[in-house]
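For reference, the sequence and a predicted model appear below.
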Amino acid sequence: MVGFKNRYMVMEVFLDPNKDISKDDPIVLSQHNISKAIKDSILVNFGECGLASSLGSFQVKYVNHITKICIIRSSRDEHQKVWAAITMVRSVGNCPVVFNLLDLSGNIKACKSAALKCEELKFEHLKIVSGNLQTENVNKHMQNLERIKMLER
């Protein structure tokens, strides 16, 4: 018996610079919001049959709303369809966004190491930009790094 083959995508979410967003709306990136936006995009672009075929192992495994990095799992057979649908997503909730693929991997271990590397680089950049960080931001970042390390289990 052959195990089920998955693909893991490490994605970076950018706020769309071409569109204006109001300062009143908080930008909330969550697993549910991103998953809903991708499923809606699959439905619009590939129809109900495309959505049904890609939902077998589709899951947003991890989202960091501070660094805007997320990990998405899909089946090996359907990963190109999911990737295409992610490319066509223009908003998550009321927030205009653009997705960028950072890494595509066949196992969670390699995906986890790529996500950790990206998170650490963004955190270092955040430390440089903000000067001295508040301990609350440091604690949030450390909790997010622990969540990535727990993905394999």
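That came through, no problem.

Give me the below-cutoff pLDDT ranges for the protein.
1, 16-27, 130-145, 149, 152-153 (pLDDT under 70).

What ranges does it have for its strands?
Using DSSP state E, the strands of the chain run over 6-15, 59-64, 69-75, 91-92, 95-105.

Let's have these in a markdown table, adding mean neighbour count and distance to residue 47.
Every C-beta, even on glycine, is put in place using the N, C-alpha and C of the backbone. Output for the strands of the chain, formatted as a markdown table (neighbours: other Cβ atoms under 10 Å; distance: least, Cβ to Cβ, whole Å):
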| stretch | mean neighbour count | distance to residue 47 |
| --- | --- | --- |
| strand 6-15 | 20 | 21 |
| strand 59-64 | 20 | 21 |
| strand 69-75 | 23 | 17 |
| strand 91-92 | 18 | 21 |
| strand 95-105 | 17 | 21 |
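
In JSON lines, list those strands along with distance to residue 49.
Shown next, in JSON lines, are these (distance: least, Cβ to Cβ, whole Å):
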{"stretch": "strand 6-15", "distance to residue 49": "20"}
{"stretch": "strand 59-64", "distance to residue 49": "20"}
{"stretch": "strand 69-75", "distance to residue 49": "15"}
{"stretch": "strand 91-92", "distance to residue 49": "24"}
{"stretch": "strand 95-105", "distance to residue 49": "23"}
